[in-house]
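> A structural model of the following input is requested.
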Amino acid sequence: MELLLRLRRCRVLQHFLFFLFFTVCFMFLWICYLSPAQDGSTLIQQARSYQEREKPSSRDLPPLTRFLDLPSRVQIGPLAVLFPVIYELKVQYGHTLHLPRSASESLEAQGIDLKTVHRQEVITVINKFTKTQAIYNPARLLRFSNSTVSSPNSTYLSAYLSDLLNSSLPTCVFCNATKFLSYQDPLADHLKTNMSFCAANTFLFSDVHPMFFPKRHLIIPSTEELYDLLYLVRTFLERQPNQKELYPFSIALDVLPKSGGSQVHFHFQGLHTEGHLHSSLLSAVAGEPKYFPILIRIHEKLGLSEQVGSAVVISPIDPLYPTELLIFSPSYNEDFFEAFRLVLLAHQKIASVPCVSGIFTIVSAAAVSDGLHPSQLSAPSVIGRIMNRGNCMSIKGDVSSFDLFVAADISTEPMALIRNVQMARYLG
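Numbers count the residues shown, from 1 in each chain. Take a look at the predicted model:
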């Protein structure tokens, strides 16, 4: 009898110990994983360790399909931890807006929730590091579509490009490179391949200012010619004697329409861009070594990224320009080349907008293992941003890659502008 009582007591004790053990485990999990972050340091600490531990539920979330869903999405799962590290999000409401029936039908056809339009819901995303802001107002979509010049049909566009190519051939600077380009700069070194050529720019913007262009007179290069051109850039960099003084080294490009003194002939401009706009944006995030891994992870969770080997393309929620796409790569390799080609293809063929501006910066000469994913790096070795812009049938572009990423292209005398104001005052 006593033996049975002792056994029962042992079982009760065992049940109690098991209950105590599971209670302690649950409390530990709650403190480490489930409790909300209280301050910025906790957010960064959790974001940094998130690569090692990921909630299973986060994998079930569908990609973001509408910008209007962003406020609710960033409060779920890992985004609740990652998003506030880089971004601040505000939602504001104006006076109730009553739209005419035609406008309502147009917005509904675009998949816009009319309730958000009636409430005048405006979403603002602020990057805490670069101070860039993106403002989204669904009510502006209707006005935007009415005011935008529609793209020409593909047949008309193809005829226009063919005519432009033929008419620009006789005066093309790059087709007559031996006459117009400088060969005095030893850095250019007369580099060439069967498809591409390199020479120093006659009008130097920086100490090192090479030009890279395909030998054929064309607006949009083939895949082989584009790869060959990108390889030529790498050959140029590998042959430079003063590597430390060369970086960060940027490649700027403009594809239609002509901007400033630019040529129709496809080409790259190489620049040492330390201290310029693009590099300044990069230096703004230098204080947070995990900025780029967290940035990439946020866009992956939102479904706004595309992996291309070791490189990744993202469509940023805080673009500098509405159609901007970003490329991050651990090294200047074939994966970056393919990502770059796909972004050009997306703009020129898929979106049918051949006029493109862009820049990509090779941050340093240090080689990074090709096997690494960009989100594992404190800073990618190659960072690119490319967007389509303007009307490709304009005589001259209103903006160029220099204006967007490097410096203001002063093509109009400032004195003439102020004289216009003085004349306006004189005329009353």
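> could you list the domains of the chain?
Annotated domains of the chain cover 2-35, 65-147, 157-406 [automatic domain parsing].
> which stretch in these has the least confidence?
With a mean of 55, domain 2-35 has the lowest mean pLDDT of the domains of the chain.
> using PDB, list the CA coordinates for stretch 340-350.
Extracted C-alpha coordinates of stretch 340-350, given in PDB (Å, rounded to 0.1, in the frame of the first residue of the first chain):
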ATOM      1  CA  PHE A 340      22.200  44.500 -65.700                       C
ATOM      2  CA  ARG A 341      21.000  43.000 -69.000                       C
ATOM      3  CA  LEU A 342      17.700  41.900 -67.600                       C
ATOM      4  CA  VAL A 343      17.000  45.400 -66.100                       C
ATOM      5  CA  LEU A 344      17.800  47.000 -69.500                       C
ATOM      6  CA  LEU A 345      15.500  44.400 -71.200                       C
ATOM      7  CA  ALA A 346      12.700  45.100 -68.700                       C
ATOM      8  CA  HIS A 347      12.800  48.800 -69.400                       C
ATOM      9  CA  GLN A 348      13.400  48.700 -73.100                       C
ATOM     10  CA  LYS A 349      11.400  45.700 -74.300                       C
ATOM     11  CA  ILE A 350       8.900  44.700 -71.600                       C
END
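> and that stretch, which residues are buried?
Phe340, Arg341, Leu342, Val343, Leu344, Ala346, His347, Gln348 (16 or more other C-beta atoms under 10 Å). In short, each C-beta sits where N, CA and C put it, glycine included.
> same check, this time on stretch 322-335
Under 16+ other C-beta under 10 Å, the buried positions of stretch 322-335 are 323-335.
> next secondary structure after the host helix or strand of Thr361?
Thr361 belongs to strand 356-362 when assigned by DSSP states H and E. Downstream of strand 356-362, the next assigned helix or strand under DSSP H and E is strand 382-388.
> still on that earlier bit, what's the closest of the buried residues of stretch 340-350 to Val233?
Top of the list for closeness to Val233, among those and by C-beta to C-beta, is Phe340 at 10.9 Å.
> what sits up against the helix or strand harbouring the closest one?
For Phe340, the host element (DSSP H and E) is helix 334-345. By C-beta atoms under 8 Å, 6 or more residues apart in numbering, the residues outside helix 334-345 that reach it are 220, 223, 226-227, 230-231, 255, 306, 308-313, 325, 327, 329, 356, 358, 360, 370, 382, 384, 386.
> one more time with 7 Å
For helix 334-345, contacts defined as C-beta atoms under 7 Å, 6 or more residues apart in numbering pick out 223, 226-227, 230, 308-311, 313, 325, 327, 329, 356, 360, 382, 384, 386.
> please apply the same query to stretch 217-230.
Stretch 217-230 has contacts (C-beta under 7 Å, 6+ apart) with 161, 165, 169, 172, 175, 193, 195-196, 212, 214, 216, 255-256, 264-266, 268, 337, 341, 348, 354.
> quick one: end-to-end length of it, please.
17 Å (C-alpha to C-alpha, to the nearest Å).
> mind listing what's buried along that stretch?
Those would be His217, Ile219, Ile220, Pro221, Glu225, Leu226, Tyr227, Asp228, Leu229, Leu230, for stretch 217-230 by 16+ other C-beta under 10 Å.
> any idea how far the fourth one lies from Val255?
When distances are taken as C-beta to C-beta, to the nearest Å, Pro221 and Val255 turn out to be 10 Å apart.
> between these two, what contacts are shared?
By C-beta under 7 Å, 6+ apart, the residues touching both Pro221 and Val255 are Phe266.
> on the three-state scheme, Gly303 is what?
Secondary structure for Gly303, judged by DSSP: H, G, I helix; E, B strand; the rest coil, is coil.
> same question for Val421.
helix.
> can you give me every residue that contacts it?
No contacts exist for Val421 under C-beta under 7 Å, 6+ apart.
> what's the answer for Leu271, then?
Phe205, Ser206, His209, Ser250, Ala252, Val406.
> likewise for Gln269?
Asn201, His209, Met211, Ala252.
> give the pairing partners of the helix or strand harbouring it; include direction for each.
Using DSSP H and E, Gln269 falls within strand 268-272. Strand pairing for strand 268-272, determined by DSSP bridges: strand 210-214 (antiparallel), strand 249-255 (antiparallel).
> quick one: list the elements packing against the strand holding Thr361.
Helices and strands touching strand 356-362, as assessed by 3 or more C-beta pairs under 7 Å, 6 or more residues apart in numbering; DSSP states H and E, comprise strand 249-255, helix 277-283, strand 382-388, helix 401.
> so Leu79 touches His299, yeah?
No. Contact criterion C-beta atoms under 7 Å: Leu79 and His299 do not qualify, at 10.4 Å.
> give me the common contacts of these two.
What both Leu79 and His299 touch, as defined by C-beta under 7 Å, 6+ apart, is an empty set.
> for stretch 84-97, list every residue counted as buried.
Pro84, Val85, Ile86, Tyr87.
> among these, which lie within helices?
Judged by DSSP state H, these include Pro84, Val85, Ile86 as members of helices.
> separation between the second one and Ile135?
The gap separating Val85 from Ile135 is 21 Å, by C-beta to C-beta.
> ok, now the first one?
Using C-beta to C-beta, one obtains 19 Å as the distance from Pro84 to Ile135.
> ramachandran angles for Gln240?
Phi and psi for Gln240, reported as degrees, to the nearest 10, are phi -80, psi 140.
> tell me how many other residues crowd the closest residue to it other than its chain neighbours.
Leaving aside its sequence neighbours, Gln240 sits nearest to Leu246 (C-beta to C-beta, 6 or more residues apart in numbering; 5.3 Å). Using other C-beta atoms under 10 Å, Leu246 has 20 neighbouring residues.
> OK, contacts around Leu246?
Val208, Gln240, His272.
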